[in-house]
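Asks: I'd like to go over a predicted model; first the sequence, then the structure.
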Amino acid sequence: MTIETIQTDNVDNPVYSVVVPIRDRCGAMLRNCLRSIELQTIKPAELIVVDYGSTPENHEKLLEMLPPCTVYRYETDEPWNLSAARNIGLRRTHAKHSCVLDADLLLEPRVLESTLKIHNTYAPCYVTTQVILLSPTAMSPSTIELPRDYDKLTNAPFLKRAEGWGGFTSAPTSWWYTCQGFDERMKWWGWEDVDMWKRVARAGLARNRLQSIMYSGSEVYHQYHVNVQIDAVKQRKIETYKAIATNEHYAKHTRGIIRNDENWGLWSED
């Protein structure tokens, strides 16, 4: 297992750090996500992409499509671990505030600006948001061309707002060190954000949802894909389903605010 660091962006004193974890995802969804970061009104922002276990071929495709950023490649055959992938990036951010962003999300242009306003108003605080689920019949991700299609996103029919979605999560960078990151025991994905929401409360930080203090141009959209948990049940992917159930157990029954040891987000190569 190795981490490969590729420095392609030198941002001095970044205003905001954005961490995007991925695995074998180098198509239209990721392009849309990255373009929406590029169009944010807050600049400069430090962008860190964590490639957690992509194939060599997909890693090369990823490098070809990325804007200026820093890439950390973690070579592994282990199951996807969203918490660990996030922590690799969060451990290496440099700005005062850092967020994690799922690669299937789209940000309207003022999301980071609005989030920083919340951080500055309610400091110290933790910010997440509900997302708007894009209907698969309204458009496919490949048809979205930012910034031209922001109006299309605003006016298109949607599935619904997803309650408690954690695909966009922001906090002071110091907080990630205080809590020592997302729980790396959790495999695949699911419940890591619920767990963090509880830990933040125990630590006494204010908790805010972006859409409850919504500024213009600050929606977050989820590009449609098959629901992984539902698919795991349909396809009888027992390992995946059991992992998500185990994550739920950790989130509901583990107390305190610290989950990992001091080596969270680090490996022997560091």
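Replies: Looks like it arrived, so ask away.

Asks: in which helix or strand would I find residue 57?
Replies: Using DSSP states H and E, residue 57 maps to helix 56-65.

Asks: ditto for residue 106
Replies: strand 105-107.

Asks: note down every partner strand of that strand and its orientation.
Replies: According to DSSP bridges, strand 105-107 forms sheet pairs with strand 220-222 (antiparallel).

Asks: from the chain's centre, how far out does the strand it pairs with sit?
Replies: With CA atoms, centre = their mean, to the nearest Å as the basis, strand 220-222 stands 12 Å off its chain's centre.

Asks: can you map out the strands along the stretch 51-200 of the chain?
Replies: Along the stretch 51-200 of the chain, the stretches classed as strands by DSSP state E, counting those that start in this stretch are 70-74, 97-101, 105-107, 125-128, 131-134, 158-162, 168-172.

Asks: coming back round to it: now the strand holding residue 106, how far from the chain's geometric center?
Replies: The mean C-alpha position of strand 105-107 is separated from the chain mean by 10 Å, CA atoms, centre = their mean.

Asks: cool, stretch 60-77 as well?
Replies: 16 Å.

Asks: and what of stretch 76-87?
Replies: Remark: stretch 76-87 is offset 13 Å from the chain centroid, using CA atoms, centre = their mean.

Asks: can you check stretch 149-160 too?
Replies: With CA atoms, centre = their mean, you get 21 Å for stretch 149-160.

Asks: stretch 175-184 now?
Replies: In terms of CA atoms, centre = their mean, the centre of stretch 175-184 is set 14 Å apart from its chain centre.

Asks: what do you get for stretch 87-101?
Replies: Using CA atoms, centre = their mean, the offset of stretch 87-101 from its chain centre is 10 Å.

Asks: how many residues are close by residue 148?
Replies: The number of residues packed around residue 148, counting by other CB atoms under 10 Å, is 8. No exception for glycine: its C-beta is placed from N, CA and C like everyone else's.

Asks: quick one, phi psi at it?
Replies: Backbone dihedrals for residue 148, given as degrees, to the nearest 10, come out at phi -60, psi -40.

Asks: so how far is residue 39 from it?
Replies: Relative to residue 39, residue 148 is positioned 11 Å away (CB to CB, to the nearest Å).

Asks: thanks again, I'm all set now.
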